[in-house]
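>>> Would you be able to build a 3D model of this:
(2 chains)
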Amino acid sequence: MSTASSTQSSGNPRTAISQAFSKAIVATLGEEFASADPLIRNTANPELGDFQCNAAMGLAKRVGQVPRDLAQSLIEAVELDELAEPLEVAGPGFINIRLKSATIADGLGSMDNPQLGIQASDDARPIVIDLCGVNVAKQMHVGHLRSTIIGDSLARVLERTGRTVLRENHLGDWGLPIAMVLFQLRANGTDLDALTLTELDAAYRAGQASAKGDARGLEAAHARHSGPHRIAELEAQQSGADEARAAAGETLVKLQQGDPELVRDWNKLIDVTMQAVYEALDLLNVEMGPDNNRGESFYRDKLQPVIDYFESESLCREDDGALVVDFKDRKRPLLIRKRDGGFLYATSDLAAIKHRTQETGADRCIYVVDARQRDHFRDVFDAARQASWGNTPDGAEVDMVHVPFGSILGPDKKPLKTRSGTNLTLASLLAEAIDRGTQEVAKRAENPSAPTHDLDETAIGAIGRAVGIGAIKYADLSNDLVRDYVFDMDRMIAFEGDTGPYLQYAHARICSLLEKGNQADLDSASLQLAAPAERQLALVLLRYAEVVADVADSLEPHRLCGYLHEVADSFSSFYQACPVLKAEDESLIRSRLRLCDLVRRVLGDGLGLLGIEAPSRM
RNA sequence: GCGGGUAUAGCUCAAUUGGAUAGAGCAUCGGUCUACGAAACCGAAGGUUCCAGGUUCGAAUCCUGGUACCCGCGCCA
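Numbers count the residues shown, from 1 in each chain, chains lettered A, B, ... in the order given. Here you go, the predicted structure:
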């Protein structure tokens, strides 16, 4: 695809400006500057212009000219007369660019299509996103919340840019922990057909507590200055561990051998767990189901081949009975097989990377996992590259990226707990959010003039759910992911400020405005952008495709949040300053309705990329 | 001890990746509705960008050295 066509269909004049300045730079300074970045930026202050070229300062330095003089030369060489007003040099050598209104209107027209100007990628390779990561026999907790909604949003953004995305729920459904629960439940004679997730979760904890003691580990932890958390954890696990572990080990062996009774019971545990997971995913409006499950059990036959390969290629060595992979730039190696011959989660992650890059041919593997696992992923990625899995079979370099996110904290700035001190389940958190959202929507529906007044309880409930869940999601996605944040439902659900509900509200207002306007064939209306507020709004809209592409690249959803807030903000200002249905004449009414329609679609589409619903009334 | 992360307005956070006067939202103060949805808008006030050096036309951003808090550190996942 040519750049010219991309300019046309994204609507953003920035690419055209960029090309014009590249040409001007070559014309002024010579062919050797053909690759120089013209540094075209959006201008922060509208009084200065719409775009600016920042290239003159840096280039002047290189060629020994006065920056302002070079800027002036560029202005004389650049061909932008058709798109922009006469250019001006400012400050140390900035070039300010103000577009003609017709240019902006043309741009809006170009993005007025179902894709809203977003280019479809022609890369047919899939992208794998590892998200959610629930464990069989455990309740979902708030840690899963972040992985799931961040991963889902990134998947939606990448899909929006035309890529095929494989969402992979790397279930913890295999290995010693599961064997422990199985053993525990069978020893207790629990009726697995009547098993609830709460009981299962309790059995899991009991199993862990009784079997995880590790005297050597504790010794090592002290010797290696491990953190207090780790030491306390290990100390609590001392007694009776060996017998419990031996029993679980036997269970695991039988399960691995395919003992029919055990396999049947194992499947029951998975069913009980996943039923709750699917309910949560459904409430969260996350696009995942059984098809996305590819857990540790899937890789159980692929672990030994990984070890064999590392050994045959001399990529690992034995150390104190264990098998480790070394790295050039750091001391600590990665353990891929235990002294007792058992595998670790690094082994399973390596098998998964091999599968994802070599079998499915993904050229991007994204892991949406807690920031505390940074070191682990650095190790695993480096080991995978040493194993030559850093390229797809057809030769493309694989981008392996860990998207680390911070913790959700309680009001005491410590990991979120319930009032009684137990871990907060995701289910209870979602229930609270939906409850609060519904309350807020219902409260406003009591007003006889509210557009929601005539809705029944079911409809109010659906909107309330969208608002409550949207509030949580927006709060989670709107900050830099690596930061911890304090969970504060009052602030998230607030209908004022930089929140999900604020964006949903802006969207809903436009929906009713368009409904009242009741105009057909709006895409034939000619756009008039005389008022400063509507001009400003239009400029913001033109950036949509650029922002989506940026998020697809940076994997930082908060940039999309910030942008959508800017859209809603610009719309509100426009709406205050410019009458739409009461504009002077019919053509202006239609022009403004068309502008509103574009805002509605950008907001709706953008919220959709965040996994947030946009009701037409609220 | 080693490694990583974070530090910006009273509070919660941005800052187009080195660009112009560091921006939003809460909270505070002052204005806008017999309503194109006030869940909104307009305005005011609020800053030694943790500290000290350095790099350059230009630094919240890059480099060096510190401080504070959080996290991680082989046979758990």
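
>>> SS state for residue A:286?
Under DSSP: H, G, I helix; E, B strand; the rest coil, residue A:286 falls in the coil class.

>>> What strand or helix carries residue A:353?
helix A:345-354 (DSSP states H and E).

>>> do the same with residue A:365
Under the assignment given by DSSP H and E, the secondary-structure element containing residue A:365 is strand A:364-370.

>>> Which residue is the nearest non-sequential neighbour of residue A:281?
Sequence neighbours aside, residue A:288 is the residue nearest to residue A:281 in space, at 5.2 Å (criterion: CB to CB, 6 or more residues apart in numbering). Glycine gets a C-beta too; all of them are placed from N, C-alpha and C.

>>> OK, contacts around that neighbour?
Contact analysis of residue A:288 by CB atoms under 8 Å, 6 or more residues apart in numbering lists A:131, A:132, A:148, A:152, A:167, A:169, A:281.

>>> Pull out the buried residues from these.
A residue is treated as buried here by neighbour count (16 or more other CB atoms under 10 Å); on that basis the buried members of the contacts of residue A:288 are A:131, A:132, A:148, A:152, A:167, A:169, A:281.

>>> Cross the residues you listed against strands and list the overlap.
residue A:167 (DSSP state E).

>>> and which of the buried ones among the contacts of residue A:288 is nearest to residue A:588?
For residue A:588, the closest of those turns out to be residue A:152, at 40.9 Å, with distances computed as CB to CB.

>>> Surely the closest one and residue A:287 touch.
Yes - if you go by CB atoms under 8 Å, residue A:152 and residue A:287 touch, sitting 6.3 Å apart.

>>> what touches both of the two?
Counting by CB under 8 Å, 6+ apart, the shared contacts of residue A:152 and residue A:287 are A:167, A:611.

>>> Let me see the ranges of the helices in the stretch 401-550 of chain A.
Per DSSP state H, counting those that start in this stretch, the stretch 401-550 of chain A carries helices over the ranges A:426-445, A:457-477, A:489-493, A:500-517, A:532-541, A:544-554.

>>> chain center to the longest one, what's the gap?
Right, the one you point to is helix A:457-477. In terms of CA atoms, centre = their mean, to the nearest Å, the centre of helix A:457-477 is set 19 Å apart from its chain centre.

>>> Would you mind giving the orientation angle of that helix with respect to helix A:500-517?
Computed by axes from the mean of the first three to the mean of the last three CA atoms, to 10 degrees, the angle separating helix A:457-477 from helix A:500-517 equals 130 degrees.

>>> what packs against helix A:457-477?
Using 3 or more CB pairs under 8 Å, 6 or more residues apart in numbering; DSSP states H and E as the contact definition, the elements that helix A:457-477 packs against are helix A:142-160, helix A:426-445, helix A:489-493, helix A:500-517, helix A:557-577.

>>> in that helix, what counts as buried?
Of the residues in helix A:457-477, those scored as buried under the neighbour-count criterion (16+ other CB under 10 Å) are A:460-461, A:463-477.

>>> cool, the third one as well?
Applying a neighbour-count criterion of 16+ other CB under 10 Å, the buried positions in helix A:489-493 are A:489, A:492, A:493.

>>> elements contacting that helix?
helix A:426-445, helix A:457-477.

>>> now for those helices, which one comes closest to residue A:104?
Judging the helices and strands packed on helix A:489-493 by CB to CB, what sits closest to residue A:104 is helix A:457-477, at 28.8 Å.

>>> Now do the closest one and helix A:142-160, the angle between them.
Counting by the same axes, to 10 degrees, helix A:457-477 lies at 90 degrees to helix A:142-160.

>>> Local confidence estimate at the closest residue to residue A:40 other than its chain neighbours?
Nearest residue to residue A:40 in three dimensions, chain neighbours excluded: residue A:18, at 4.7 Å (CB to CB, 6+ apart). pLDDT, residue A:18: 96.

>>> Need the mean per-residue confidence for stretch A:366-382.
When pLDDT is averaged along stretch A:366-382, the result is 97.

>>> Can you point out the buried residues in it?
Of the residues in stretch A:366-382, those with enough neighbours to count as buried (16+ other CB under 10 Å) are A:366, A:367, A:368, A:369, A:370, A:373, A:376, A:377, A:379, A:380, A:381, A:382.

>>> export those to CSV and tack on distance to residue A:523?
Compiled in CSV, the buried residues of stretch A:366-382 are given as follows (distance: CB to CB, whole Å):
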residue, distance to residue A:523
A:366, 36
A:367, 42
A:368, 38
A:369, 44
A:370, 46
A:373, 48
A:376, 51
A:377, 46
A:379, 53
A:380, 50
A:381, 47
A:382, 52
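
>>> Can I get the helices and strands packed on helix A:457-477 in a markdown table including mean pLDDT and distance to RNA strand B?
What follows is the helices and strands packed on helix A:457-477, written out as a markdown table (pLDDT from 0 to 100; distance: least, CB to the nearest atom of the strand, whole Å):
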| stretch | mean pLDDT | distance to RNA strand B |
| --- | --- | --- |
| helix A:142-160 | 96 | 11 |
| helix A:426-445 | 94 | 4 |
| helix A:489-493 | 92 | 7 |
| helix A:500-517 | 96 | 3 |
| helix A:557-577 | 97 | 3 |
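
>>> which of those sits most buried?
Ranked by mean neighbour count, these are led by helix A:142-160 with a mean of 23 (mean count of other CB atoms under 10 Å).

>>> Return the angle between stretch directions for that one and helix A:426-445.
Regarding helix A:142-160 and helix A:426-445, their directions subtend 70 degrees when assessed with the same axes, to 10 degrees.
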